[in-house]
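Novice: Pasting a predicted model and its sequence here:
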Amino acid sequence: MKKFRKLAAAFLAVLMLVGALPVSASADGDKLIALTFDDGPSSSNTTRLLDGLKARGAHCTFFLVGQMAERSPGLVKRAWQEGHEIASHTYDHPAMTTKTDAQIRQELQKTDAILDSAIGHNFSYMLRPPYGDYNQRVLKAANTPCFFWSMDTYDWKSQNADSVYREFIKQVRDGSIALLHDTHSTSVTAALRAIDTLQAQGYKFVTLSEMFMRRGISLENGKIYFNAYPGKNGTAAGIAKPAVSLEKDESGMRVTLSGDARGSVYYTLDGSMPTPSNAKKYTGAFYVPGGTVIRAVSVVKWNGIRSDETSMTVTARGNLFADVKPGDWFYNDVDRVAAEGILNGTAKNVFSPNVGLTRAMLATALYRAAGQPEVSGELDFSDASAVGSWCRDALLWACENGIMRGYEDGALRPGRSISRAELGCMMTRYLVLSGKDISELEDVLSGFSDAGAVNESMRTELNAACALGIVKGVGGGRLDPNGGATRAQTAVMISRMLDIAV
């Protein structure tokens, strides 16, 4: 029966497709695909699918069966939270043309209530009639936008990942609605593989509602849709994430949000995800205290058309970071060195705490900490010609004052990743330059199990850095002197060094 209805529905789709096609025209902008999954959620398969979609930045539409959603409400909520569109596939997957109008409404109302409960919000849900079985009476009774498909990989029939993938790639077209079922593990495997292939060709995987909006097609209740091929309206841009800007004035820290003009910006200030029930609609600039985490999203339609989220922390010292939050072990120190202009971000509102540091970067930070004194002369190293203008003065200052030294072969290697031992030595030299006496410090270096890995020429200065509490062990009695240092670790050590500097 299932196979018969699938074939019958496909034949019906061909008959109706001519009237459903938009006027042909060249597309402007992105190539779009609406990937849709029926019959789920399936515990293990849908979980793997969501993981894969998240890793790829792809979105889809889930046509969920009420009975299945009832068993896995957490998956329904996760899918919605991650920006996918939730839609109905009825409660128990009946052939809709065999049901009365009252029975159709009962199927949909029951499923809607289950989806609302799982997500935690009340939405209107679009419909895909099971088996693609519908007529005008069904569409009228459903009273919601309904969807067929333009790509059928017959994944339910073959249950072979390679076969499903080949069919997907063979049939794909800009504006397609692809039908798959996340009840089959092979379908998930094929879908993720197809996404990888097609993203490399410039395709964007979006929800149904987003695809139709971007193609200038208004969805209407009681109508069925087969595709959103490029038409006379071209292709609008995707939904832009909100931008956050911060200004400090006499009243405090003033935040301004801007988002996609097609929707509204909603935000929270307590670090929670913006939802219809807890988010505030942005109406104008507002003031926040330091330590506030702003999470904002541009919303055209809460279920199906919303941007990716913007998350920014307004720090106590007035920095604005996307990747540094209160509670991070390095939060206060990063805030300090960034506010004082010692160790700046790697891009606007980005500190990159887990990225490593080069010798030139540390020299620049120490030069700024010293107040950027005037320098003159030239670098006398074999690789001096390769030194960028952004760090030339800092390196010249560091070398002239003995804070940074070259290698035995005459090279300075400013772009080389700095080791923990080098970092400790350079900070000790900075302190000595500032007038700190390190001659009477206790020997603590020998207490580390890997102290033997420290070069003899670095032992005194590294010991000082350890004795002063600038450089600490990594655990297990180890110092890891030859390991690298991240920007977050460096910020913490610079902050300790500044507290000690004379």
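Specialist: Arrived safely.

Novice: What count of nearby residues applies to Ser439?
Specialist: Look at Ser439: counted by other C-beta atoms under 10 Å, it has 7 neighbours. The C-beta positions use only the backbone N, C-alpha and C, and glycine is treated the same way.

Novice: start to end distance for stretch 147-157?
Specialist: 21 Å (C-alpha to C-alpha, to the nearest Å).

Novice: List of residues touching that stretch?
Specialist: By C-beta atoms under 8 Å, 6 or more residues apart in numbering, the residues outside stretch 147-157 that reach it are 2-3, 6, 9-10, 13, 17, 36, 61, 63, 87, 126-128, 132, 163-164, 167-168, 171-173, 175-181, 184, 186-187, 190, 208, 224-227.

Novice: and that stretch, average pLDDT?
Specialist: In this model, stretch 147-157 carries a mean pLDDT of 96.

Novice: wait, Glu107 sits on Ala95?
Specialist: No - Glu107 is not in contact with Ala95 according to C-beta atoms under 8 Å; the separation is 11.1 Å.

Novice: Just confirm Ala69 is within a strand.
Specialist: No - secondary structure of Ala69 (DSSP: H, G, I helix; E, B strand; the rest coil): helix, not part of a strand.

Novice: Show the pLDDT at it.
Specialist: We have a pLDDT of 98 for Ala69.

Novice: what's the answer for the one 4 residues further on, then?
Specialist: Looking at Pro73, its pLDDT reads 98.

Novice: Now it. Nearest residue, chain neighbours left out?
Specialist: Distance criterion C-beta to C-beta, 6 or more residues apart in numbering; nearest residue to Pro73, sequence neighbours excluded, is Ala118 at 3.7 Å.

Novice: Buried by neighbour count: which residues of stretch 211-218 qualify?
Specialist: Met211, Phe212, Met213, Arg214, Arg215, Ile217 (16 or more other C-beta atoms under 10 Å).

Novice: again with stretch 155-167
Specialist: Within stretch 155-167, the residues scored as buried using 16+ other C-beta under 10 Å are Asp155, Trp156, Ser158, Asn160, Ala161, Ser163, Val164, Tyr165, Glu167.

Novice: Over to stretch 483-492?
Specialist: Quick answer for stretch 483-492 (16+ other C-beta under 10 Å): Ala485, Arg487, Ala488, Gln489, Thr490, Ala491, Val492.

Novice: Contacts for that stretch next, please.
Specialist: Outside stretch 483-492, the residues within contact range by C-beta under 8 Å, 6+ apart are 328-330, 333-334, 336-338, 343, 346, 351-357, 362, 365, 417-420, 423, 474, 493.

Novice: ok, now with 7 Å
Specialist: 330, 333-334, 337, 343, 351-357, 362, 417-420, 423 (C-beta atoms under 7 Å, 6 or more residues apart in numbering).

Novice: residue ranges of the helices in the stretch 351-500 of the chain, please?
Specialist: For the stretch 351-500 of the chain, helices defined by DSSP state H, counting those that start in this stretch occupy the ranges 359-369, 389-400, 420-433, 459-467, 487-500.

Novice: can you list the ones you listed in TSV and add distance to Thr47 and mean pLDDT?
Specialist: Conversion of the helices of the stretch 351-500 of the chain to TSV gives the following (distance: least, C-beta to C-beta, whole Å; pLDDT from 0 to 100):
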stretch	distance to Thr47	mean pLDDT
helix 359-369	40	97
helix 389-400	46	95
helix 420-433	39	96
helix 459-467	46	96
helix 487-500	32	97
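
Novice: Any idea which of those helices gets closest to Ile294?
Specialist: Each of those was scored for nearness to Ile294 using C-beta to C-beta, and the closest is helix 487-500 (21.3 Å).

Novice: tell me the angle of that closest one relative to helix 459-467?
Specialist: Here the directions of helix 487-500 and helix 459-467 differ by 90 degrees (axes from the mean of the first three to the mean of the last three C-alpha atoms, to 10 degrees).

Novice: in this structure, what spans have low per-residue confidence?
Specialist: Applying pLDDT under 70 to the chain flags the ranges 1-29, 502.

Novice: Just give me the longest strand of it.
Specialist: Counting by DSSP state E, the longest strand found in the chain is strand 292-301.

Novice: Just the C-alphas of that strand, formatted as PDB.
Specialist: Presented in PDB, the C-alpha positions along strand 292-301 are these (Å, rounded to 0.1, in the frame of the first residue of the first chain):
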ATOM      1  CA  THR A 292      26.300  41.100  30.800                       C
ATOM      2  CA  VAL A 293      25.900  38.400  28.100                       C
ATOM      3  CA  ILE A 294      23.700  39.600  25.200                       C
ATOM      4  CA  ARG A 295      22.200  36.900  23.000                       C
ATOM      5  CA  ALA A 296      20.300  38.200  20.000                       C
ATOM      6  CA  VAL A 297      18.500  36.800  16.900                       C
ATOM      7  CA  SER A 298      16.800  38.200  13.900                       C
ATOM      8  CA  VAL A 299      13.300  36.800  13.500                       C
ATOM      9  CA  VAL A 300      11.000  36.800  10.600                       C
ATOM     10  CA  LYS A 301       9.200  33.700  11.900                       C
END
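
Novice: just to confirm, which helix or strand has Met273 in it?
Specialist: Under the criterion DSSP states H and E, no helix or strand holds Met273.

Novice: same question, Arg254
Specialist: Assigned by DSSP H and E, Arg254 belongs to strand 252-258.

Novice: If we go by neighbour counts, what in that strand is buried?
Specialist: Neighbour-count burial for strand 252-258 flags Met253, Val255, Leu257 (criterion: 16+ other C-beta under 10 Å).

Novice: related to what we said a few turns ago, buried subset of the contacts of stretch 483-492?
Specialist: For the contacts of stretch 483-492, a burial check counting by 16+ other C-beta under 10 Å picks out 330, 333-334, 337, 343, 351, 353, 357, 362, 418-420, 423.

Novice: any chance of these in TSV, plus distance to Gly469?
Specialist: Shown next, in TSV, are the buried ones among the contacts of stretch 483-492 (distance: C-beta to C-beta, whole Å):
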residue	distance to Gly469
Phe330	16
Asp333	13
Val334	18
Val337	17
Leu343	19
Phe351	23
Pro353	21
Leu357	20
Leu362	18
Ile418	19
Ser419	19
Arg420	14
Leu423	14
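
Novice: Among the residues you listed, which one sits closest to Leu468?
Specialist: Distance ranking of the buried ones among the contacts of stretch 483-492 against Leu468, using C-beta to C-beta, places Leu423 first at 13.2 Å.
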